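# predicted model, plus sequence, below.
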Amino acid sequence: MEKEIQEQIIDVIERLHQAKITTKNRKRSNVTARAVYAKLCKDIFPYLTLSKIAEPINRDHATIIHIFKMIENHLKNDNEYINLYKKASVIINKDIVATQNVKEISYLESLEERIIRMSNALIEKNKEIEHLKSLRTSDRYKKFDRIPEELFETFIETRLEPFLKLHKN
């Protein structure tokens, strides 16, 4: 679905600005059109990678990074960028996004992606904890492993912290 909408964004911008986004030249009108395309893609699909934004316009992720660094300033000061972005935004939001319910779908997909990333991070942290447990040099602390997980926090709060406070000095 993203690719189709990206192609539609390209068509709208090319029609509005009379520029070819996919060409390999640096004419100002083409650069402006590419920048507006990238900004609109990121607005509509916040979860898209830089490479996926760059692919339909025959560029790489580094170009998109450069575009994002410069576009905010241009959208404040450059009428060409401002006008093209506003016009394209209205057309795309009215004709493309509204008819395909993209905002809701992209939001749900971005949430799903974030949940997967967080889940993977949690798995990695658990592996790290297990690794650190295996590195313990003595059996002295293995008694702590016998404390059930649900009681461990209570043990720390009620026993260990008061003990450490008493023997602080």
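Yep, that arrived.

# tell me what the helix or strand where M70 lies is packed against?
Per DSSP states H and E: M70 is located in helix 61-77. Here helix 61-77 touches helix 28-44, helix 50-54, helix 79-91, going by 3 or more CB pairs under 8 Å, 6 or more residues apart in numbering; DSSP states H and E. C-beta: built from backbone N, CA, C; applies to glycine.

# tell me, what residue is most central in the protein?
Per CA atoms, centre = their mean, the C-alpha nearest to the average position across the chain is that of Y47, at 4.7 Å.

# correct me if wrong: that one contacts E113.
Yes. Using CB atoms under 8 Å, Y47 is in contact with E113, at 5.3 Å.

# ok, and what's touching stretch 75-91?
With contact meaning CB atoms under 8 Å, 6 or more residues apart in numbering, stretch 75-91 is reached by 9, 12-13, 16-17, 32-33, 35-36, 39-40, 43, 71, 74.

# can I get the residues you listed in CSV including neighbour count, distance to K165 and pLDDT?
Below are the contacts of stretch 75-91 laid out as CSV (neighbours: other CB atoms under 10 Å; distance: CB to CB, whole Å; pLDDT from 0 to 100):
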residue, neighbour count, distance to K165, pLDDT
I9, 24, 61, 90
V12, 21, 66, 90
I13, 24, 65, 91
L16, 15, 69, 90
H17, 20, 68, 89
T32, 22, 64, 92
A33, 27, 65, 93
A35, 25, 59, 94
V36, 31, 61, 94
K39, 22, 55, 93
L40, 25, 58, 91
D43, 15, 53, 86
I71, 20, 54, 91
H74, 19, 58, 91
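
# possible to save these as TSV with distance to L84?
As requested, the contacts of stretch 75-91 are exported to TSV (distance: CB to CB, whole Å):
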residue	distance to L84
I9	12
V12	10
I13	7
L16	6
H17	5
T32	6
A33	7
A35	9
V36	5
K39	10
L40	10
D43	14
I71	11
H74	10
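
# can you pull the pLDDT of the closest residue to A54 other than its chain neighbours?
Nearest non-adjacent residue to A54, counting by CB to CB, 6 or more residues apart in numbering: I64, 4.9 Å away. Looking at I64, its pLDDT is 94.

# kindly report the same for V102.
Here the pLDDT value assigned to V102 is 54.

# go on, H131?
Reported pLDDT at H131 in the predicted model: 85.

# among the helices and strands packed on helix 61-77, which is the most enclosed?
helix 28-44 (a mean of 22; mean count of other CB atoms under 10 Å).
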